[in-house]
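J.: Build the 3D model from these lines:
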Amino acid sequence: MFTLENEHLVVELYEWPAIRQYTHKATGLAVSGSGPEGRWAINGKPTPWEHWSIAAYDAEELAVSYELTLGETGLKIAIIYRLEENEVFSQLRVLEDPAGLLKQLDWIGQPMLACADSSFSYARTEIHPKSWKLLPGGGRGLYDRKQVMDRISDSVPDRHTVPTMHTCLFNDELCCFVKTNYPVIPLLSEVSGSGEFAGRSDSYAISLNTYQYRVRNQVMDPLEMRIVFLTDSNGDGKADDCDYQLWLNRHYPDANPIYKEAIWYKIFCAERKRGVLTSFREVLDIVRQIHHISGGVPQIVYLVGWQFDGHDTGYPALNRLNTKLAENPDRAREELQELVDEAKAAYNCTISYHINADDAYTDSPAWNPDILSRDPDGSARLWLDLEHQAYHISHTKDVESGHAFARFEQFLELVPVQDTLHLDAFRNTNASWDGSEYIGPLEELICGMKPIIAYFKERGIDISTEGQNGMPIEDSGIFSGYWHFWPSQMYHGKVVGGGSVSTHAVSWGRGVSIDADILYRGEPTRLEGEHFESNAFDSSWEKIVDIIYLGSMLYRFYLEREMLEMREDEARIYMRFSDGVTVKVDKKTEQLSVTWGAVTIADNHDRFIPAGDRIYVYSRYGADRSWILPEAWRQAPFQAYRLTRDGQERMDDYVVTDGTIELKLEPHAPVILKLQ
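T.: Predicted coordinates:
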């Protein structure tokens, strides 16, 4: 036995590599680790410890190392456990494997944390695979994420271990959890019962999922684990899942700042059936008007249907511009370059593109059966069968063959790209069965998606994508921007995205941005024997401005702050930020309140949003009201301007008295206050 001890923890270890028990000194609470029967399985085969030669020793102060050699195979593995403040850091490294024996490692009966105190609660993100069949509305080999939180004693026992992305144990005094660097479904968890009370649970265990060491022609990085014990760290007086999410958030890399600073949206340019919906000239007009109505906030615009005959045509080829979008088709490339240059210079807008690297159409000039994902019977995996058949591309095959990079090179030669690019439906679930060879989610991530992301990153281009897309991966650190994304404390400021264009306070209160396509023209409509084309951008203008001010601007305000707490149930949402900003949403009455001390930031459909040397003021329905100014504004000179789609107009019809400003707001007509 070994014992590690500091001012926070006492950790007892076996003679073989596992922790027996943790004791948290401040609370006096003890939590178990592995039982005495725990062992490893090599390539799925449980291997008793007597088959290993184990050398265990105190490697350094507050650390124990184990070196294990498996019989005569030459396989040698080292694992260290180091006590660091309130956590145990562990790293597993393969030192030698001359025969290439090790493919995967499993922990049998060896949880990292096990709690038999049924008064504890747990929170977990469960990962459930869907059907491999193409089912209406789902399936296709994707995964569901399910958030579960319950008290152990109130839970029905699991029938088996549950694949888990994130999980923690807590009882208000103490919160503990396991975090690893393994990117695909890193954990297993299980609620279990002793059988004394049938159907009731009395314990919860967190274990490591399979560590797949060999991935095609490479090996994984050393496996790193942290077992962490927290007391109240967010200042709400208890230790629970919010402290866990805050810890994770502080350890995730920050999102690329371009997504936090900008309003980003898509403009739908064309599709095969409806033809051109927004030309290059009309794209610039949309950008111009949003620039003016937002007071010059940076924009990112992804063009949809810029290629071939419009949206979802030509893939996986990316080498043909949709010349119908230009006023002069013979100058399409020049007109696109002019659009990109003017949008950036005049309106602080980055023009980029919506592309697809997952789908292959049989009518594409880049159709290549060799890069397709295949089912066990050898047939290509069909994704959709609508106007034309779309098949899954195996990113692993695509990258290893070089075809992916050849297409991307043609794309970058064809169109100007800077800063960001949107890969629609980009996912690591395009599994493929090729004879005895299986390309699964880990291969697709490590050997497919990551090399593609790295290719663009080397060229200064960040990749955003549609959303979690049914992927069983750790999102942060891979993507900064998701088009569809439901905000959470865990990923606040680490993954940035849309959420909903819903006009409800519930959606806006969480923090959302635009996640709908804007198009300039509507469908042709027959009226009294005449055809006319309605202007969809004009007819949707008020809704677009609502989304910008009620959603995007409020979200940008949130993103400037660290979120300390987020709680949601069927009735309400409550969020608290580090500088005293609080958010309260009543779901039943659709009431939203955001306050910053005495300053009201959001009151249902009204907004008063400070942003540096500006304050944005807005009302969906119009309002004649007073607002308390932030402290820094109360003695400072400032001027008010009405914002329109064509520019700003100075306004003087407001009253400043005793640190407040009284304004009359017209519906859907923003006002900006600027420090002088």
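J.: Quick check: the gap between Glu474 and Pro257.
T.: According to C-beta to C-beta, to the nearest Å, Glu474 and Pro257 sit 21 Å apart. Placement of C-beta: from N, CA and C, glycine included.
J.: more neighbours, these two?
T.: More crowded of Glu474 and Pro257, by other C-beta atoms under 10 Å: Glu474, with 20 against 12.
J.: Could you check which helix or strand contains Pro451?
T.: Here Pro451 sits within helix 450-457, counting by DSSP states H and E.
J.: ok, and what's touching the very next helix or strand once past that helix?
T.: Next along the chain after helix 450-457, taking DSSP H and E as the criterion, comes strand 461-465. Outside strand 461-465, the residues that touch it by C-beta atoms under 8 Å, 6 or more residues apart in numbering are 256, 258-259, 264, 417-426, 452-453, 456-457, 479-483.
J.: now strand 461-465: how far from the chain's centre is it?
T.: In terms of C-alpha atoms, centre = their mean, to the nearest Å, the centre of strand 461-465 is found 12 Å from the chain centre.
J.: Looking at the helix or strand just after that strand now, give me its mean pLDDT.
T.: As assigned by DSSP H and E, the chain's next helix or strand after strand 461-465 is strand 481-482. The average pLDDT within strand 481-482 is 93.
J.: can you count the residues close to Arg20?
T.: A total of 17 residues lie near Arg20 under the criterion other C-beta under 10 Å.
J.: Please apply the same query to Arg572.
T.: The tally of other residues near Arg572 (other C-beta under 10 Å) stands at 15.
J.: Surely it is in contact with Asp586?
T.: Yes. Using C-beta atoms under 8 Å, Arg572 is in contact with Asp586, at 5.8 Å.
J.: After the helix or strand Val94 falls within, heading C-terminal, what element do we hit next?
T.: Secondary structure assigned from DSSP H and E places Val94 in strand 87-96. Using DSSP H and E, the helix or strand that directly follows strand 87-96 along the chain is strand 104-108.
J.: how about the strands in the stretch 151-300 of the chain?
T.: Counting by DSSP state E, counting those that start in this stretch, the stretch 151-300 of the chain has strands at residues 162-170, 175-180, 187-192, 203-208, 211-212, 214-215, 218-219, 223-230, 263-268, 270-271, 275-276, 299-304.
J.: Output the second one as PDB, nothing but the C-alphas.
T.: The reference is to strand 175-180. Provided in PDB are the C-alpha atoms of strand 175-180 (Å, rounded to 0.1, in the frame of the first residue of the first chain):
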ATOM      1  CA  CYS A 175     -18.200  17.800  -5.500                       C
ATOM      2  CA  CYS A 176     -15.800  15.200  -7.100                       C
ATOM      3  CA  PHE A 177     -15.300  14.100 -10.700                       C
ATOM      4  CA  VAL A 178     -12.900  12.600 -13.200                       C
ATOM      5  CA  LYS A 179     -11.600  14.500 -16.300                       C
ATOM      6  CA  THR A 180      -9.500  12.900 -19.000                       C
END
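J.: Nearest to Lys25, out of the strands of the stretch 151-300 of the chain?
T.: strand 223-230 (9.7 Å; C-beta to C-beta).
J.: from the chain's centre, how far out does that closest one sit?
T.: Per C-alpha atoms, centre = their mean, the centroid offset for strand 223-230 relative to its chain is 22 Å.
J.: Just checking: what are the partner strands of that strand?
T.: strand 87-96 (antiparallel), strand 175-180 (antiparallel) (DSSP bridges).
J.: give me every residue that touches the closest residue to Pro298 other than its chain neighbours.
T.: Of all residues not flanking Pro298 in the chain, Ala262 sits nearest, at 4.1 Å (C-beta to C-beta, 6 or more residues apart in numbering). The neighbourhood of Ala262, defined by C-beta under 8 Å, 6+ apart, consists of 297-300, 350.
J.: And Ala262, how close does it get to Ala516?
T.: 16 Å.
J.: Next one: Arg620 from Gly71, what distance?
T.: 72 Å.
J.: what does Leu284 give?
T.: With the distance defined as C-beta to C-beta, Leu284 ends up 70 Å from Gly71.
J.: Neighbour count: those two, which is higher?
T.: Shown here are Leu284 and Gly71; by other C-beta under 10 Å, Leu284 has more neighbours (21 against 10).
J.: count of neighbours near the residue nearest to Cys447 when sequence neighbours are not counted?
T.: Spatial nearest neighbour of Cys447, excluding adjacent residues (C-beta to C-beta, 6+ apart): Thr396 at 4.5 Å. Residues within reach of Thr396, counting by other C-beta under 10 Å, total 28.
J.: Need the contact partners of the helix or strand harbouring Thr396.
T.: Using DSSP H and E, Thr396 sits in helix 395-401. Here helix 395-401 makes contact (C-beta under 8 Å, 6+ apart) with 216, 316, 357-358, 370-372, 404-405, 428, 430, 432, 439, 443-444, 447-449, 451-452.
J.: List the buried residues for stretch 482-496?
T.: Neighbour counts over stretch 482-496 (16 or more other C-beta atoms under 10 Å) mark 482-483, 485-496 as buried.
J.: In helices only, show me the contacts of helix 395-401.
T.: Using DSSP state H, 404-405, 443, 451-452 are the members of these that sit in helices.
J.: which two in those residues are spaced the farthest apart?
T.: Spatial extent of the ones in helices among the contacts of helix 395-401 (C-beta to C-beta) is set by the pair Phe405 and Glu443 at 17.7 Å.
J.: Look at those two and report which has more neighbours.
T.: For Phe405 versus Glu443, neighbours defined as other C-beta under 10 Å are more numerous around Glu443 (24 against 14).
J.: one step back: identify whichever of the strands paired with strand 223-230 lies nearest to Glu327.
T.: In terms of C-beta to C-beta, the element of the strands paired with strand 223-230 nearest to Glu327 is strand 175-180, at 54.6 Å.
J.: and the closest residue to Pro376 other than its chain neighbours, bridged to which residues?
T.: Spatially, and ignoring its direct neighbours in sequence, Pro376 is nearest to Trp433 (4.3 Å; C-beta to C-beta, 6+ apart). For Trp433, the beta-bridge partners under DSSP bridges are Tyr438.
J.: now Trp433: how far from Glu271?
T.: Trp433 is 34 Å from Glu271, by C-beta to C-beta.
J.: show me where the stretch 451-600 of the chain has helices.
T.: Applying DSSP state H, counting those that start in this stretch to the stretch 451-600 of the chain gives helices spanning 505-510, 536-539, 541-546, 553-559.
J.: Tell me the buried residues in the helix holding Thr396?
T.: Neighbour counts over helix 395-401 (16+ other C-beta under 10 Å) mark 395-400 as buried.
J.: tell me which of those is nearest to Gln21?
T.: Distance to Gln21 across the buried residues of helix 395-401 (C-beta to C-beta) is lowest for Thr396, with 42.1 Å.
J.: Could you chop this protein up by domain?
T.: Per the record, the chain has its domains at 2-251, 257-356+416-426+442-483, 561-675, by automatic domain parsing.
J.: Pick the most deeply packed of the ones you listed.
T.: Among the domains of the chain, domain 257-356+416-426+442-483 has the highest mean neighbour count (mean count of other C-beta atoms under 10 Å), at a mean of 20.
J.: mind checking which helix or strand Asp653 is in?
T.: Per DSSP H and E, there is no helix or strand for Asp653.
J.: so what's it scoring on pLDDT?
T.: pLDDT, Asp653: 92.
J.: could you list every residue that touches it?
T.: The neighbours of Asp653, taking C-beta under 8 Å, 6+ apart as the test, are Lys664.
J.: So Ile615 sits against Ile601, correct?
T.: No. Using C-beta under 8 Å, Ile615 makes no contact with Ile601, being 9.9 Å away.
J.: Show me where the stretch 251-400 of the chain dips below the pLDDT cut-off.
T.: Along the stretch 251-400 of the chain, the parts satisfying pLDDT under 70 run over 385-387.
J.: What are the boundaries of the helices in it?
T.: With DSSP H, counting those that start in this stretch as the criterion, the stretch 251-400 of the chain has helices spanning 257-261, 280-293, 332-347, 395-401.
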